[in-house]
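Trainee: sharing a model that was predicted from the sequence below.
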Amino acid sequence: MSEHDDLSSDLARLRALSGVKWTRYPADVLPCWVADMDLRTAPPVTDALRDLIERGDFGYNFHAAAALPECFADWTEARHHWRPDPPRVRVFTDVLQAVHLALWLGTEPGDGVVLFTPVYPPFFRMVTGISRRIVDCPLDPVGWRLERDALDEAIERAAASGITTRAVLLCSPHNPTGRVFGPHEIAAVAEVAAHRDLLVISDEIWADVVFPGKQHVPFPASSGLRPDRIVTVAAASKAFNLAGLRCAVAHIGDERLRAKIAELPDHLLGAVSTPGAVATRVAWTEGGPWLAETVAFLENQRDHLIERVNAELPEVRVQTPQATYLAWLDFRAHDLGDDPAAWLLEHAKVALGTGPDFGVHGKGFARLNFATTRAVLDEAIDRIVAAVG
Ligand SMILES: Cc1ncc(COP(=O)(O)O)c(C=O)c1O
């Protein structure tokens, strides 16, 4: 089969998908933006969902979600060497719901919330939309490291303008840079949080897409901060490509926060669907072998992308992601304006993530999702090279 045939058949399959990734743009655009994979999920997950369909098993089902805290604890302990305490784990429809709730109930209007920028775009509105204030702490732009001094300075700067910082919202591993924060970096944030009595909300949705040589450190595994000051949020959705099924979990260390959630009106938060809960359980109990193959595939895609960027787009700077399937590309040397994704959409017909959406430090950057087939990735790179080169 020629490369062209591969691309045509890949595109025929992908363009039939109904999600936002493949429907937002016209057919002449290659979408490499939102963080969905173009790969099918793990066969045990598909089998379990097919079984539900064949049995017509769509009645009320509270057992499916009730099984998740224990599965999450087993999975996380085996992979990341920290055992969540199942009674402290609550199931949510998605990661952002849990993050937003923790921010809303764990802080007061006017409080400062630290964001390590650039960062996943919805975080900004999640803070400002509930009248909290962003305390911007830039990651070091050379290695995208979390730095204790930068964090202290950001909090002091905010204090000088009348903002009291009460929480840190961390994305670990980090979207968009693909950094896996090491134990010392995590411990430094934990120390500052302990010293200043900050609530830490750690969004660890990317914990299972980490490449060989790096180890994800769950925030509660770091020393220096009482477990009751940490909310850790996770899901199978990024690693197993299940985002549309809507299911996530949060380990809520703080008893008072759990009590506040329990006091909310009964149906305010809704409940996770049976397919979402079943898919997540099966991913976390039977998905290990598939995930290992998938991470190896993604590592290959990553290396291919980085090799081609270095060879064919030498002025585009990029650090090799240690996790995620996202590459954070610095186009500033090419003078494509603040928003290279807009320029590339017009001139290369490739849709990337918009750099400035990730904060002011995202100007001149764009984010490329490489979780696609080799043929689609190569076509996207070819188009960017032809437009920019
Ligand atoms: C860091 C991060 N958090 C949260 C989400 C969204 O998760 P959910 O759809 O479960 O809210 C994403 C999606 O890409 C993400 O990258």
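Mentor: Now that the structure is in, tell me what you want to look at. All values reported here derive from a predicted model rather than from experimental measurement.
Trainee: spit out the contact partners of Pro275.
Mentor: Residues in contact with Pro275 (Cβ atoms under 8 Å, 6 or more residues apart in numbering) are 49, 52, 245. (Glycine included, C-beta is placed from N, CA and C.)
Trainee: can you tell me which residues in the stretch 101-250 of the chain are near the ligand?
Mentor: 120, 171, 175, 203, 205, 235, 237, 243, 248 (Cβ under 6 Å from any ligand atom).
Trainee: again, 8 Å this time
Mentor: Within the stretch 101-250 of the chain, the positions near the ligand by Cβ under 8 Å from any ligand atom are 119-120, 122-123, 171, 175, 203, 205-206, 233, 235, 237-238, 243, 246-248.
Trainee: from these, which land in strands?
Mentor: Among those, the ones falling in strands (DSSP state E) are 171, 203, 233, 248.
Trainee: just put those in TSV and tack on pLDDT and distance to Ala102.
Mentor: Below are these laid out as TSV (pLDDT from 0 to 100; distance: Cβ to Cβ, whole Å):
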residue	pLDDT	distance to Ala102
Cys171	98	14
Asp203	98	10
Val233	98	8
Ala248	98	12
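Trainee: most neighbours, which of those?
Mentor: Greatest neighbour count in those, by other Cβ atoms under 10 Å, goes to Asp203: 29 neighbours.
Trainee: just the contacts of Pro275 now: which is nearest the ligand?
Mentor: Using Cβ to the nearest ligand atom, Leu245 comes nearest to the ligand of the contacts of Pro275, at 9.7 Å.
Trainee: check what pLDDT the closest one gets.
Mentor: At Leu245, the model reports a pLDDT of 98.
Trainee: does Thr41 count as helix, strand or coil?
Mentor: The three-state label given to Thr41 by DSSP: H, G, I helix; E, B strand; the rest coil is coil.
Trainee: do the same with the one 5 residues further on
Mentor: The three-state label for Thr46, taken from three-state DSSP, comes out as helix.
Trainee: which pair in the ones in strands among the residues of the stretch 101-250 of the chain next to the ligand spans the largest distance?
Mentor: Farthest pair in these (Cβ to Cβ) is Cys171 and Ala248. Separation: 14.1 Å.
Trainee: returning to what we had before: in PyMOL, select just the buried ones from the residues of the stretch 101-250 of the chain next to the ligand.
Mentor: PyMOL command restricting these to the buried ones, with burial defined by 16 or more other Cβ atoms under 10 Å:
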select buried, resi 119+120+123+171+175+203+205+206+233+235+237+238+243+246+247+248
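Trainee: is it true that Val385 touches Leu313?
Mentor: Yes - counting by Cβ atoms under 8 Å, Val385 touches Leu313, with 6.1 Å between them.
Trainee: and these two? which has more neighbours close in?
Mentor: Neighbour tally, Val385 and Leu313, criterion other Cβ under 10 Å: the higher count belongs to Leu313, 19 against 16.
Trainee: how much space separates that one from Leu329?
Mentor: 8 Å (Cβ to Cβ, to the nearest Å).
Trainee: so where is this structure shaky, pLDDT-wise?
Mentor: Within the chain, the segments meeting pLDDT under 70 span 1-5, 223.
Trainee: mind checking the SS state of His184?
Mentor: Following three-state DSSP, the label given to His184 is helix.
Trainee: run through who's touching the helix or strand hosting Glu299.
Mentor: Using DSSP states H and E, Glu299 sits in helix 288-312. Contacting residues not belonging to helix 288-312 are listed as 39, 42-44, 208-212, 239-240, 283, 316, 318, 320-321, 325, 327, 329, 368, 370-372, 374, 377-378, 381, 385, 389 [Cβ under 8 Å, 6+ apart].
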